[in-house]
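Novice: have a look; sequence and predicted model below, questions after that.
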Amino acid sequence: MAKLKDLGWNNFFKEAYQSYKTKYANPELYQIGRVSRDNKIYYHVMTIDSDNEVVEVTASLKGKSRKNLDPEQKPAVGDWVILDYETSNYNQTDAFIELVLPRRTSLSRKATGTASVEQIIATNIDYVAVVTDPEADFNLKRLDRYFTLIEQSGAKAICLVNKIDLYEVDQEGQDHLTDIKQQILDHFPDASVDLHFTSAVKKQGVSILKSYLDTGTTLALIGSSGVGKSTMTNQLLGQDWQWTSEVNEVTGKGKHTTSARDLILLPEGGLLVDNPGIREIHLWSPEETLSESFQDLSQLSLQCKFSNCKHEQDHGCAIRAAIADQTLSTERYESYLKLVEEVEILNQRKQQRERNVQRRNKRGKKVKARNLEDRIELEREQKPDNDLFNT
Ligand code: GDP
Ligand code: ZN
């Protein structure tokens, strides 16, 4: 027997709801639910049915509100909404979203390219766990940015330094962990962050996460790729779970319909905001990542004789000089080049996508997308880039 409380409902939302409820003539026609997936055209909403079971329904905004709402007023994953079943069906969804209740927390980033547009990643998250590892990914400045973002969201930050099993084996490794711990404590002295050292392969990460996950508590995991987020996520979801591609609505094929959601009710209670996109979300541009991870090379290239130096045959190249006198390793330079190349490809793709969108727009707004799938596709293309690295 499930309750709204299991989905995260609490006094904060209850009070907010009370003040709206009085405005409705027939409040009994409305149902409360929580957005579990945002398809842009319509939403999936978790709610409790008359048999006290958790069910997922589809819901859309009324035509008028779709156009008039600012991006941040539109429903986002994690939002509590009021569902109106009575007047529904324009989008063949089960219900209309009558209202989005005020958010307790809201995790957002600035969309790349459009500096002023806030892009909401998810709302009403209680804890955001930043996962990092003691080696390549470890970067205080990046942690700082994650923590700032989490603080701004209103959620509480947890920091997991994962893969410690690789370091615990010898004295040198242990010293390294001690050093990292000290660095974090020195850098974030006001104890606003819960710090844990974990090994996901030894299931330590998941047991720490579970200690935060009371009934109705919502958690999200963020961090660079390769640090262990999927490993922990899979452990949280349990064995039966698997990510599959979305269901093809034409053929009805799609192995696991329930995986098509971003807010998941966990088998042992609590909720996880997750999907492959959120997991790998990049909070800053590829260029920023590049210059941050390779500060030494950015510094060096400033010393090249020509500002447009390709570091190949160019005269007076500081990078080639550094390689020659072995102050810069060839491997590091090569991994730099690899990332530069990736950034270029991403930018090309982004430009291509923008061209596609423009072309579509030109083709005429009069040519209405023929069906729901087309409309979803169209909106996806038009929404600002939030996952450059996942294309
Ligand atoms: P994600 O990209 O952050 O989701 O990272 P994954 O969970 O896919 O992990 C990346 C790789 O690191 C995989 O090969 C994992 O098996 C490995 N890995 C994850 N956590 C640990 C850990 O605690 N210890 C060790 N030794 N390897 C880990
Ligand atoms: Zn150069």
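Specialist: Structure's in. What do you need? This one's a predicted model, so the numbers in the text were calculated from it and none came from an experiment. Residues are numbered from 1 along each chain as shown. Ligands and ions are numbered 1, 2, ... in the order given.

Novice: going forward, measure contacts between C-alpha atoms and count neighbours the same way
Specialist: Noted.

Novice: packing partners for the top helix by length along the chain?
Specialist: The residue-count maximum for a helix in the chain (DSSP state H) belongs to helix 330-362. Applying 3 or more CA pairs under 8 Å, 6 or more residues apart in numbering; DSSP states H and E, we find helix 330-362 packed against helix 286-293, helix 372-382.

Novice: buried sites along it?
Specialist: 333, 336, 339-340, 343, 346, 357 (16 or more other CA atoms under 10 Å).

Novice: try stretch 188-207
Specialist: In stretch 188-207, counting by 16+ other CA under 10 Å, buried: 193, 195-201, 204-207.

Novice: can you narrow those to ones near ligand 1?
Specialist: 199-201 (CA under 6 Å from any ligand atom).

Novice: turn those residues into CSV, columns for pLDDT and secondary structure.
Specialist: Formatted as CSV, these follow (pLDDT from 0 to 100; DSSP: H, G, I helix; E, B strand; the rest coil):
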residue, pLDDT, secondary structure
199, 95, coil
200, 94, coil
201, 92, coil
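
Novice: looking at those, spot the one nearest residue 29.
Specialist: Taking CA to CA as the measure, residue 29 lies nearest residue 200 of those, at 46.0 Å.

Novice: was I right about that closest one contacting residue 206?
Specialist: Yes: Residue 200 lies in contact with residue 206 (CA atoms under 8 Å); the separation is 7.0 Å.

Novice: overlap in contacts of those two?
Specialist: Residues touching both residue 200 and residue 206 (CA atoms under 8 Å, 6 or more residues apart in numbering): residue 232.

Novice: just the strands in the stretch 201-350 of the chain please.
Specialist: In the stretch 201-350 of the chain, the segments counted as strands under DSSP state E, counting those that start in this stretch are 218-222, 263-265, 271-273.

Novice: those strands: which one's closest to ligand 1?
Specialist: The closest of the strands of the stretch 201-350 of the chain to ligand 1 is strand 218-222. By CA to the nearest ligand atom, the value is 8.1 Å.

Novice: sheet-wise, list the partners of that closest one with their directions.
Specialist: For strand 218-222, the pairing partners within the sheet under DSSP bridges are strand 127-132 (parallel), strand 271-273 (parallel).

Novice: distance from the chain centre to the longest one, please.
Specialist: Mean C-alpha position of strand 127-132 versus that of the full chain (CA atoms, centre = their mean, to the nearest Å) differs by 11 Å.

Novice: for the record, mean pLDDT for that strand?
Specialist: Regarding strand 127-132, the rounded mean pLDDT is 94.

Novice: what do you get for the last one?
Specialist: The average pLDDT within strand 271-273 is 94.

Novice: quick one: distance of it to the chain centre.
Specialist: 11 Å.

Novice: list the contacts of that strand.
Specialist: By CA under 8 Å, 6+ apart, strand 271-273 touches 7-8, 78, 122, 125, 213, 216-221, 262-266.

Novice: can you tell me which two in the buried residues of stretch 188-207 are farthest apart?
Specialist: That would be 193 and 201, which, of the buried residues of stretch 188-207, are the farthest apart (CA to CA) at 23.4 Å.

Novice: where exactly do the helices run in the protein?
Specialist: Secondary structure of the chain by DSSP H: the helices cover 11-21, 63-68, 140-153, 171-187, 204-212, 229-237, 276-279, 286-293, 295-302, 318-324, 330-362, 372-382.

Novice: and those helices, which is most packed in?
Specialist: Most buried of these by mean neighbour count (mean count of other CA atoms under 10 Å) is helix 229-237; its value is a mean of 19.

Novice: tell me what it is packed against?
Specialist: Checking 3+ CA pairs under 8 Å, 6+ apart, helix 229-237 ends up next to helix 204-212.

Novice: residue ranges with poor pLDDT in the stretch 201-350 of the chain?
Specialist: 239-261, 275-289, 292, 350 (pLDDT under 70).

Novice: would you mind measuring from residue 295 to residue 301?
Specialist: Applying CA to CA, to the nearest Å, the value for residue 295 to residue 301 is 10 Å.

Novice: need the pLDDT of the nearest residue to residue 120 once chain neighbours are set aside.
Specialist: Nearest non-adjacent residue to residue 120, counting by CA to CA, 6 or more residues apart in numbering: residue 108, 4.1 Å away. Residue 108 is assigned a predicted lDDT (pLDDT) of 83.

Novice: same question, the one 5 residues further on
Specialist: The confidence metric pLDDT takes the value 47 at residue 113.

Novice: equivalent analysis for the one 5 residues further on, please.
Specialist: Per-residue confidence at residue 118 stands at 67 (pLDDT).

Novice: the residue sitting furthest away from the middle of the chain and residue 297: what is the separation?
Specialist: Here the chain reaches farthest from its C-alpha mean at residue 315, the gap being 43.9 Å by CA atoms, centre = their mean. Residue 315 sits at a distance of 17 Å from residue 297 (criterion: CA to CA).
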